[in-house]
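Peer 1: My questions concern the predicted model and sequence given below.
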Amino acid sequence: MEKYETHTHDVIVIGAGGAGLRAAIEASAQGASVGLVCKSLLGKAHTVMAEGGVAAALANVDPQDNWKVHFHDTMHGGKMLNNWRMAQLHAQEAPDRVRELEHWGALFDRTKDGKIMQRAFGGHTWKRLAHVGDRTGLEMIRTLQDKGIHSGMDVYMECTITHLLKDGERISGAFGYWRESGRFVLFKTKAVILATGGVGKSYKVTSNSWEYTGDGQALAYDAGADLIDMEFIQFHPTGMVWPPSVKGILVTEAVRGEGGTLTNRNGERFMEKYDPQRMELSTRDVVARSIYTEVMEGRGSPHGGAFLDISHRGAEYVKKKLPSMYHQFMEFAQIDITKEPMEVFPTTHYMMGGVRVDADTAGSTVPGLFAAGEAAAGLHGANRLGGNSLSDLLVFGMRAGLGAAQYANELRDNTLKIDDVHLEKAAQEMLQPFENAEGENPYTVHQALQEVMGSYVGVFRTKEKLQDGIEEIQVLKDRASQLRIEGSRMYNPGWHLCKDLKSMLIVSEAIAKCALQREESRGAHSRVDFPKYNDEKWGKVNSVISKDNGTMKISTSPLPQMPEELRQIVEGGHK
Ligand code: FAD
């Protein structure tokens, strides 16, 4: 008899958003037995919240578009810190992945001649985002879910994975608990795919939901995998600012893609100063800094933001193209965006950094551990272009599923062992907060962490602030080692937060340390004390985080050399 409820699969996929579902579909198609685990309900992931669209050079609206231009735009958007091979595969394969979704039943908006409609987005040379109004993620998840549940995989919902288990250097299992009952569960497996999304809940003002606590990045780090480029966290330029209860909720870039304009309290279209060519459709890092600067210099809107106006497009058009935005502002702020402007300010949105992976197989530096979607790093470099996440999770979700299934298949003998000592340690760590006679409330520590990250590791950074931030995080780590929880394991969100907090502290420390190390400004990372690019030193390296004897080690590694033909594309010869 096993001590804990146990399931055995060739491949365990952790996370059932777009990346996890696409990976699970592919691994099943390769004949692997697949278990798909998610900490909320199937279909309730960030992917479902995605609004503006999925970027793919289909060339339906702008026939000049092709993969080379998409590759060029992605590399420039990422300020050349991207993994070139990932950017190449992404640009080449995204159109097929989108068409495949259509074959599986996704209904995109249409051009007059019946092709998939595409819209403009910041940093994309051509109209490239396939979309369904401003509810693209919903249609994608609906389609992937339908396809997935008919692919023969087992789905484990409302189940949080807390630890990865290894046999020697190889992955051999995953351990977690059912959120409802609090009972432990063990998955024996040859391969794990991390598709757990981002880290936004380390910050107070964020577009992310409760699920984004950096679990995948923390699980990978604890298992010995490298994390890279953790300093690059995207502050989306347009989050809601008012009323306070909805602060941070996303206002999709599609508003600007459909012609929305940004102005300050003096009625000036301030993007003229910061990027006169691309204006509101400049890249997100530039627009976020511009809004931030306008507000800090006293030209903000009444609630401390900028005005974003789409009313000139007319009520019918706005309601058709941006139905969710219309309802969001009507219901939450009693503002009719077909008649009056919105107020917006940057919000923590997306993690460019994450698990270091091989571009072709999505394999991490630990055998048997794979990662895809927002949990993985490399494709977006120092700044992600809008729409490139949905295509990322399709392209690399598929590749991770393939890579993991092939790995599991090659590992024919299933003699991988679960280390009982490690397993018991994992269970004990989870139970500790119930046993502490005295200790802190996890909500208090979480709130303090969010304050620290917002104040010291926000949009604009300095050496002093980052050093203070790292010290504060150390203090919070000590406090978090003594958390106390009352009640039982059933339906106990405070207990769930204890483990989530551990993940958030790991990713927060990694973000702050990488931000301190990189003495330049590039993409989403803005150092007031080093306001320029330093191509000689920092333009050639990724930041690397790894675990060394229980402590967090930071280093750099050189970017892979780009082949000459791709260099020519990046330097502009493709247009
Ligand atoms: P997710 O879709 O978030 O899925 C993560 C999964 O992991 C969930 O199932 C969760 O339950 C599970 N999970 C997490 N931790 C654990 C654990 N410990 N154990 C078990 N399960 C776990 N991108 C675009 O390209 N275009 C857009 O228009 C766009 N709009 C966006 C709008 C909003 C409001 C937001 C928040 C994001 C938007 N993005 C957009 C970004 C994009 O949606 C996400 O980056 C992307 O969906 C991430 O997909 P994923 O599969 O990596 O993670």
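Peer 2: It's in.
Peer 1: what's the next secondary structure element after the longest helix seen in the chain?
Peer 2: Ranked by residue count under DSSP state H, the longest helix found in the chain is helix 493-517. Going down the chain from helix 493-517, the next helix or strand is strand 526-527, by DSSP states H and E.
Peer 1: Name the surrounding residues that touch that next one.
Peer 2: Residues outside strand 526-527 that contact it (C-beta atoms under 8 Å, 6 or more residues apart in numbering) are 285, 289, 459-463, 515, 518-521. Glycine gets a C-beta too; all of them are placed from N, C-alpha and C.
Peer 1: Give the pairing partners of whichever helix or strand comes after that strand; include direction for each.
Peer 2: Using DSSP H and E, the helix or strand that directly follows strand 526-527 along the chain is strand 541-548. Each strand pairing with strand 541-548, determined using DSSP bridges, is listed with its direction: strand 227-228 (antiparallel), strand 551-558 (antiparallel).
Peer 1: so how far is strand 541-548 from its chain's centroid?
Peer 2: 19 Å (C-alpha atoms, centre = their mean, to the nearest Å).
Peer 1: most packed of the strands paired with strand 541-548?
Peer 2: Across the strands paired with strand 541-548, the average number of neighbours (mean count of other C-beta atoms under 10 Å) peaks for strand 227-228, which reaches a mean of 29.
Peer 1: thinking again about what came up before, which elements pack onto the longest helix of the chain?
Peer 2: Using 3 or more C-beta pairs under 8 Å, 6 or more residues apart in numbering; DSSP states H and E as the contact criterion, the elements in contact with helix 493-517 are strand 159-167, helix 215-222, helix 420-435, helix 442-456, helix 463-480, strand 541-548, strand 551-558.
Peer 1: Just say which of the ones you listed is most tucked in.
Peer 2: Neighbour counts (mean count of other C-beta under 10 Å) averaged over each of the helices and strands packed on helix 493-517 peak at helix 215-222, with a mean of 26.
Peer 1: Which neighbouring elements make contact with that one?
Peer 2: Right, helix 215-222 is packed against strand 5-14, strand 159-167, strand 184-194, strand 227-228, strand 354-356, strand 369-371, helix 493-517, strand 541-548 by 3+ C-beta pairs under 8 Å, 6+ apart.
Peer 1: Next, see if the longest one gets close to the ligand.
Peer 2: No: shown here: helix 493-517 not in contact with the ligand (C-beta under 6 Å from any ligand atom), separated by at least 7.5 Å.
Peer 1: can you give me the angle that helix makes with strand 541-548?
Peer 2: Interaxial angle of helix 493-517 relative to strand 541-548 (axes from the mean of the first three to the mean of the last three C-alpha atoms, to 10 degrees): 130 degrees.
Peer 1: Can you list the buried residues in helix 493-517?
Peer 2: By neighbour count, and taking 16 or more other C-beta atoms under 10 Å as the criterion, the buried residues in helix 493-517 are 495-517.
Peer 1: so where is the chain shaky, pLDDT-wise?
Peer 2: Counting by pLDDT under 70, the low-confidence segments of the chain come to 1, 413-414, 573-575.
Peer 1: And the residue of it closest to the ligand?
Peer 2: residue 17 (1.9 Å; C-beta to the nearest ligand atom).
Peer 1: what number of residues lie near residue 412?
Peer 2: Neighbours of residue 412 under the rule other C-beta atoms under 10 Å: 8.
Peer 1: Repeat that for residue 360.
Peer 2: Residue 360 sits with 13 neighbouring residues when counted by other C-beta under 10 Å.
Peer 1: How about the residues of the stretch 151-300 of the chain by the ligand?
Peer 2: When proximity is defined by C-beta under 6 Å from any ligand atom, the stretch 151-300 of the chain lies next to the ligand at 160-161, 195-197, 207-208, 211, 215, 250.
Peer 1: thinking again about what came up before, any chance of the strands paired with strand 541-548 in CSV, plus distance to residue 105?
Peer 2: Formatted as CSV, those follow (distance: least, C-beta to C-beta, whole Å):
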stretch, distance to residue 105
strand 227-228, 36
strand 551-558, 42
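Peer 1: Ok, which of those strands comes nearest residue 382?
Peer 2: Taking C-beta to C-beta, strand 227-228 is the member of the strands paired with strand 541-548 nearest to residue 382, at 11.6 Å.
Peer 1: continuing past the closest one, what's the next helix or strand?
Peer 2: With DSSP H and E, the next secondary element past strand 227-228 is strand 233-240.
Peer 1: Can you get me a residue count around the spatially closest residue to residue 357 that is not a sequence neighbour?
Peer 2: Leaving out its chain neighbours, the residue that sits closest to residue 357 by C-beta to C-beta, 6 or more residues apart in numbering is residue 376, at 4.8 Å. The burial count assigned to residue 376 is 32, neighbours taken as other C-beta under 10 Å.
Peer 1: Tell me what residue 376 is bridged to.
Peer 2: In this entry, residue 376 is beta-bridged to residue 355, by DSSP bridges.
Peer 1: which bits of the stretch 301-450 of the chain sit near the ligand?
Peer 2: So far as C-beta under 6 Å from any ligand atom goes, the stretch 301-450 of the chain lies against the ligand at 350, 373-375, 386-390, 393.
Peer 1: so can I have TSV of those residues showing distance to residue 129, neighbour count and secondary structure?
Peer 2: Written out in TSV, the entries for those read as follows (distance: C-beta to C-beta, whole Å; neighbours: other C-beta atoms under 10 Å; DSSP: H, G, I helix; E, B strand; the rest coil):
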residue	distance to residue 129	neighbour count	secondary structure
350	16	26	strand
373	18	33	helix
374	18	32	helix
375	23	31	helix
386	7	31	coil
387	4	29	coil
388	10	30	helix
389	11	28	helix
390	9	29	helix
393	15	33	helix
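Peer 1: Put together JSON lines for those residues, with distance to residue 474 on each row.
Peer 2: As requested, these are exported to JSON lines (distance: C-beta to C-beta, whole Å):
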{"residue": "350", "distance to residue 474": "26"}
{"residue": "373", "distance to residue 474": "30"}
{"residue": "374", "distance to residue 474": "27"}
{"residue": "375", "distance to residue 474": "25"}
{"residue": "386", "distance to residue 474": "35"}
{"residue": "387", "distance to residue 474": "38"}
{"residue": "388", "distance to residue 474": "35"}
{"residue": "389", "distance to residue 474": "32"}
{"residue": "390", "distance to residue 474": "37"}
{"residue": "393", "distance to residue 474": "34"}
